[in-house]
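>>> My questions are about this predicted structure, shown below with the sequence.
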Amino acid sequence: MTAETPKHVLTGGCQCGAVRFAVTGVPAKISICHCRMCQKASGAPFASFADIERENFAWTRGKPASFKSSSIAERDYCAACGTPLSFHRIDGPRIEIMTGAFDRPDRVVPTRQYGTESRLGWVVGIANLPSQTTMQNYGPEKMATIVSHQHPDHE
């Protein structure tokens, strides 16, 4: 890219908006991790990450708090709202951003899985479960009364 050509930018942040980030360039890989540590760190059956070279990443608003989850890695999160944001090896060249924290998570599609020894057996059948939209679940009357305090998926 030349100086005149703007770099592709992916943005995101925490639920409350106190911490925001921007990614230039394409992630090295996008993956799902089923390991027990990722399950606990995300509070979910698995975590999904976009692996970014540090020179292509910047915190653009606020700074996350971090937890040293092992002797080799830290996990960043928003101290204000608790949103898990990233995983990175201490002093490593890359940072792995949780795909759900991106403003457009549909643009960061996983292509591999790790930690499958801890994958929960029911995860493989999720697509076959009965499903409904949030509107179908709550109905228009209830939806009209809900006020979101979540930061919008943009600046």
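Okay, I see it.
>>> so where's the protein uncertain?
Scanning the chain for pLDDT under 70 picks out 1-8.
>>> Would you map the helices across it?
Ranges of helices within the chain are 36-42, 134-138, 140-145, based on DSSP state H.
>>> got the contact list for residue 105?
Contacts for residue 105 (CB atoms under 8 Å, 6 or more residues apart in numbering) come out as residue 99. The way it works is simple: take the backbone N, C-alpha and C, and place the C-beta from them, glycine included.
>>> Okay, it and residue 93: tell me how far apart.
24 Å (CB to CB, to the nearest Å).
>>> Could I get the contacting residues of the residue nearest to the spatial centre of the chain?
The chain has residue 98 as the residue nearest its centroid, 2.2 Å off, counting by CA atoms, centre = their mean. By CB under 8 Å, 6+ apart, the contact list for residue 98 reads 42, 47-49, 84-87.
>>> so how far is residue 31 from it?
Distance, residue 98 to residue 31, by CB to CB: 11 Å.
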